[in-house]
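In: got a sequence here, can you model it:
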Amino acid sequence: MTTESGNAYEYRIIRALRRVIRAVHIHSKKLNSEFGLTTPQLLCLGALAESSRTTLTDLARMVNLGISTANGIIDRLEAKGYLTRTRSSEDHRKVYLEISQSGREIILKAPSPLQHKLSESLSRLPESEQMVIAESLEQVVKLMEAEKLDVSANLFPGGQSYRS
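Out: Next up is the predicted model:
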């Protein structure tokens, strides 16, 4: 079934994407009001918690951000005491980021970066179905040729999205 202006699936897809984007935005605002963190800040802290230490460039790559966007987020997290910057003793141009104890504590207190209902529902699905959903969404990103976009301005206020 098609319409005058194209494929009817296009309308279903764009409506679904707009609902997802809106739900992510609402969740990020709630996270910010309850924990003082935006979703992108939480994602950066999570990435830092998974690595012993990393550079800004590597962190930006891990969470699919532009360097300047990541730097602003890191500035805010450092001001809150959630991470430290340490200059390399071998190469003084290199600065490492490390999560602080208070950063680890806030990660433990904060909810999933995913909206609670989605996170809960996904966890009840078999792993094979979770994989299909993840791969389908990744395919949408590829179809849009959006793999390298810094999505902070559109999806997460003041931050970015996470890329595995």
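In: point out where the protein drops to low pLDDT.
Out: 1-6, 114-116, 148-164 (pLDDT under 70).
In: residues of the longest helix seen in the chain that come out buried?
Out: If you go by DSSP state H, the chain has its longest helix at helix 8-35. Burial within helix 8-35, assessed by neighbour count using 16 or more other Cβ atoms under 10 Å, is assigned to Val24, His27, Ser28, Leu31, Asn32. All C-beta atoms are positioned from the backbone trio N, CA, C, and that covers glycine.
In: the third one contacts Thr38, correct?
Out: Spelled out, that is Ser28. Yes: using Cβ atoms under 8 Å, Ser28 makes contact with Thr38 at a distance of 5.6 Å.
In: JSON lines for the buried residues of helix 8-35, including distance to Leu125?
Out: Formatted as JSON lines, those follow (distance: Cβ to Cβ, whole Å):
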{"residue": "Val24", "distance to Leu125": "19"}
{"residue": "His27", "distance to Leu125": "19"}
{"residue": "Ser28", "distance to Leu125": "23"}
{"residue": "Leu31", "distance to Leu125": "23"}
{"residue": "Asn32", "distance to Leu125": "28"}
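In: nearest to Tyr9, of those?
Out: Distance to Tyr9, by Cβ to Cβ, is smallest for Val24 among the buried residues of helix 8-35, at 22.1 Å.
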